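J.: structure here, sequence nowhere to be found:
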């Protein structure tokens, strides 16, 4: 899967936190963690099914004012055409 080493561990930390924040309905915080995941370990969002699924779920309930950056992230990782 990739994501080995410190960068991968930190990326996974942010991905896990994004999931947790989304479960709490804290979509803006989830997006912040997803953007950090992309910055540190972009392969996690491109290849990790849970990350891509989370982005899709956030897109389904997106509110442009609450989740800036989500749409462009979804486009970069191929979730949104």
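T.: That came through, no problem. Source: prediction; values computed, not measured.
J.: for the rest of this, base every contact and every neighbour count on C-alpha atoms.
T.: Will do.
J.: mind checking pLDDT for the most centrally placed residue in the chain?
T.: The chain has residue 34 as the residue nearest its centroid, 3.0 Å off, counting by C-alpha atoms, centre = their mean. In the prediction, the pLDDT value recorded for residue 34 is 97.
J.: so what's it up against?
T.: For residue 34, the contacting residues are 14-15, 18, by C-alpha atoms under 8 Å, 6 or more residues apart in numbering.
J.: packing partners for the worst-scoring helix or strand of the chain on mean pLDDT?
T.: Least confident element among the helices and strands of the chain, by mean pLDDT, DSSP states H and E: helix 42-47 (a mean of 88). Packing partners of helix 42-47 (3 or more C-alpha pairs under 8 Å, 6 or more residues apart in numbering; DSSP states H and E): helix 5-23, helix 27-40, helix 49-60.
J.: repeat that for 7 Å
T.: Contacts of helix 42-47 with other secondary structure elements, assessed using 3 or more C-alpha pairs under 7 Å, 6 or more residues apart in numbering; DSSP states H and E, are absent: no helix or strand is involved.
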